[in-house]
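>>> got a predicted model here, sequence first, then my questions.
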Amino acid sequence: MTVLADPPSTRAETPAPQSRARRRSFGYPRRGSVWTYAALLAVVAGSVFPLYWSLVVSSQTSDAVAKVPPVLIPGGHLFDNIARVFDSTDFAEALLNSFIVSGSVTISVVFFSTLAGFAFAKLRFRGRKVLLVVAIGTSVVPQQLGIIPLYLLMAEFGWTDRLAAVIVPGLVTAFGVFFMTQYLGRAVPDELLEAGRIDGCGTFGLFWHVVLPAARPAAAVLGLFTFMQAWNDFFWPLVVLQDNATVQVALSSLASGYTTDYTLTLTGTLLATLPILVIFMVLGRQIVGGIMQGAIKG
Amino acid sequence: MAIPALTARRARLNRLDTKGSPYLYVLPFFLLFGAFGLFPLIYTGYVSFNDWNLLDAGSHEWVGLANYRELLQDPYFWNALGNTLSIWALSTVPQLLAALWIAHLLNHRLRARTSLRMGVLLPNITSIVAVTIVFTQLFGRDFGMVNWLLGVVGIGPIDWQADTWSSHLAISIIVAWRWTGYNALIYLASMQAIPHDLYEAAELDGASSAQQFWKITVPMLRPTIIFTAVISTIGGLQIIAEPLLFAGSSTPTGGSDRQFQTAALFMYEQGFREFRFGYASAIAWTLVIVIAVFAIANYLITRRIANDEEKS
C-alpha cells in the first residue's frame, strides 16, 4: 500500500532543465531504437485494431462481415447502418440516459471528492489519518457482490427502472477522494489558506474561494475518469434498469438476440464508444497523466 | 459594549467551524459509501441465511446455514469457481508480464511519446460490453478473423465457445487486452521514479541491459507489482460481464455445459434468473471470502518473489 500513500510522482515527467541536460549526457533513459518503435507500434496496432474493425464492419453492408478473406477497408454505408440502429432500438433514449447518468455522477464525484480531499489534505482533525486510510481502503471492497441487497434497497425506494438507482450509488468514489487528497496536498500552499483565514474566511469560504479554483486541473482529470467509468458501467445498470436502458445495456441486448446481426451490433458498439473516444482524442494526454499520477484503479 | 460579546461569539463559532467542519466535509463520502457500498455487502450475509424468493413478494424465512450446505454440494458452484480461477490465472499472469515489457519499451526517450502511451491505453477506456462484442465476433466460429488467421497456418476452425479450454483462453484474451496497457502505464510511472544513478553505476560495472532490467528495474518496482497483482486478483475473481456477453445470447449459464460460467455469473443466474436471493447471497459471501484469501495470498507470494529477486 506504499504506492497509495506515495504515488510515483511526475517529477521524472517534467525534469528541471539542469537534470535534463545531465540526463542527455549520460543517456538515461535510453533513446528508443528501431526495434523499440517497431514493438510499440505493433502493440498500438493491436490496441487499435478491434475498434478499427468495428468501424470497418459498420461501414459495410451486412454481407461483408462474412467475406473470406475479411474486408479490411471501411466502406460507404456507415450512415445507413447508424440509421438502422436508431430505427430498430431505443438507442437515442439509451444515449440520453447515459449522458444524464454520467453527467450527474461526474459533477457529484468531483464536488464531494474535492470537499473531502480538502479536509483530508489541509485541515487538522482527530481521526484524520484513520479515516483517510479507511476511505482509501474501501476501494478494494468488492461492491459488485452486494447487488442483491442493493436491488432490494432500490425496490424499497421504488427506484427500479429509474435512473436514480444508478446515479445515487455512484455519487462518491474512493478513488476520487484519494486523488483529490493527493493533489490538494501538493497544489494548495498552507500560506494561501492562512491568508484566507486572516481575511476572515470560514472553512467553507476557504474551500469555495481558494481550494476549488486551485483544484481545477485535477478536477478536470477526475471528471474525465468518472465520466468514462460511469458511461462504461454495465452490470448494475443491467440488473436494475430493465426497461430504461443505458447505452451499455442497450448495446448488450442488441448483441444477444437469437440471430445476431453483426453489422448492426458493431455499429451500435461504435456509437456507444464514440463519446468516450472523442474525449480521449482531445484530452488523452491528461488522462494518461492522471493514471500515471494516481496509480490506482478507480 | 457589544464588541467583546460579539468577538467571543465569533471565536466560539470559529472554533466550531475549525473543529466540526472537517467531519462535515468527509461525511458525504462515508454516508453514501456506507449506505450503497458497505451496507449491501454486509446485508448480503443476512440474506444468505434465509430462504428468500423475490417472486414471493420478498417473503423470507430463516434457514441458518442451509444455503451454504447446499452450495458446498452444488457441482455447478465448484464448476463456476474452477472456471473463475482458470480464467483469472490465464488472464492475469501474461497480462502483468506483458505490461512490464510494454512499460520497459515506453521507458525510452521516444518521439510521439504521448501518442504511443494513448495508443497503449485505448483498450482500457473502451467499455467491457463493446470490447467483448467485438472480440466475440472476431472469435466467431464460421466467419471470425481469428479462425481465418489460424486457417491460413493450417489450424482450426475452432468453435471457441464450445470447449472449456478454448472459451477460457478467449475470455482471458478479452480481459487481458483491456487491462494490459493500463498496468503498463502504472509500471511506467514507477520506472520513471527509479534514480538514474543506479543504472549508471550498473553500466560502469558492465551490466547488460537485460541484467539491469532484472536486477534493478524489477526489484525497484516491487511495491507496484504487488499492488497490481492484488488489484488484478480482486477484479479478476469478480469477472462477470465478459462471460455473460461472450455467450452471444442473454443466457447467464456460460455456455451450454456451463463451461465458462464464472462464480459471479453463477450468482447473477441464481439471483436474477432463478430469483433465489438467499442462495445467490451465499454465493456472493463465499466469493468475498475467496477473494480475500486470494488477495492476501497474492500479496504474500508476490512480496516473497520480489524479495528473493532482490537478494539474489
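Right, received. Where do you want to start?
>>> was I right to think residue A:84 contacts residue A:266?
No: the pair residue A:84 and residue A:266 does not pass the contact test of Cβ atoms under 8 Å, sitting 11.8 Å apart. (Glycine included, C-beta is placed from N, CA and C.)
>>> please tell me I have it right and residue A:89 contacts residue A:250.
Yes: counting by Cβ under 8 Å, residue A:89 does reach residue A:250; the two are 6.0 Å apart.
>>> rewinding a little: who has more neighbours out of residue A:84 and residue A:266?
For residue A:84 versus residue A:266, neighbours defined as other Cβ atoms under 10 Å in any protein chain shown are more numerous around residue A:266 (28 against 18).
>>> quick one: contacts for the more buried one?
Residue A:266 makes contacts with A:53, A:54, A:57, A:58, A:65, B:133, B:134, B:137, as judged by Cβ atoms under 8 Å, 6 or more residues apart in numbering or on different chains.
>>> what do you get if the cut-off is 10 Å, keeping everything else the same?
A:50, A:53-60, A:65, A:81, A:85, A:254-255, B:130, B:133-134, B:137 (Cβ atoms under 10 Å, 6 or more residues apart in numbering or on different chains).
>>> returning to that earlier point: out of residue A:89 and residue A:250, which sits in the more crowded spot?
residue A:250 (26 against 17).
>>> helices or strands up against the helix or strand where the more buried one lies?
Assigned by DSSP states H and E, residue A:250 falls within helix A:247-255. In terms of contacts (3 or more Cβ pairs under 10 Å, 6 or more residues apart in numbering or on different chains; DSSP states H and E), helix A:247-255 is packed against helix A:78-88, helix A:91-122, helix A:216-232, helix A:235-240, helix A:262-294, helix B:128-138, helix B:241-246.
>>> with only the CA atoms kept, save the last one in CSV.
Taking only C-alpha atoms (Å, rounded to 0.1, in the frame of the first residue of the first chain), the coordinates of helix B:241-246 have been written out as CSV:
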residue,chain,number,x,y,z
ALA,B,241,-19.7,-9.3,-18.0
GLU,B,242,-17.2,-10.9,-20.3
PRO,B,243,-18.5,-14.5,-19.9
LEU,B,244,-22.1,-13.2,-19.9
LEU,B,245,-21.7,-11.5,-23.3
PHE,B,246,-19.3,-14.0,-24.8
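>>> next secondary structure after it?
helix B:263-272.
>>> against which helices or strands is that next one packed?
For helix B:263-272, the packing partners by 3+ Cβ pairs under 10 Å, 6+ apart are helix A:147-157, helix A:235-240, helix B:66-72, helix B:75-106, helix B:241-246, helix B:277-311.
>>> most packed of the ones you listed?
Among the helices and strands packed on helix B:263-272, helix B:241-246 has the highest mean neighbour count (mean count of other Cβ atoms under 10 Å in any protein chain shown), at a mean of 26.
>>> is chain A within reach of that one?
Yes: counting by Cβ under 10 Å from any Cβ of the partner chain, chain A has neighbours in helix B:241-246: B:241, B:244, B:245.
>>> dump the helices and strands packed on helix B:263-272 to TSV, plus mean pLDDT.
Shown next, in TSV, are those (pLDDT from 0 to 100):
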stretch	mean pLDDT
helix A:147-157	91
helix A:235-240	94
helix B:66-72	95
helix B:75-106	95
helix B:241-246	94
helix B:277-311	85
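>>> redo the ones you listed as a markdown table? Include distance to residue A:204.
Below are these laid out as a markdown table (distance: least, Cβ to Cβ, whole Å):
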| stretch | distance to residue A:204 |
| --- | --- |
| helix A:147-157 | 30 |
| helix A:235-240 | 33 |
| helix B:66-72 | 49 |
| helix B:75-106 | 42 |
| helix B:241-246 | 41 |
| helix B:277-311 | 38 |
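>>> relative to residue A:129, which of these is closest?
When these are compared by Cβ to Cβ, helix B:277-311 sits nearest residue A:129, at 21.7 Å.
>>> and the closest one, how far out from the chain middle?
On the basis of Cα atoms, centre = their mean, to the nearest Å, helix B:277-311 is displaced by 12 Å from the centre of the chain it belongs to.
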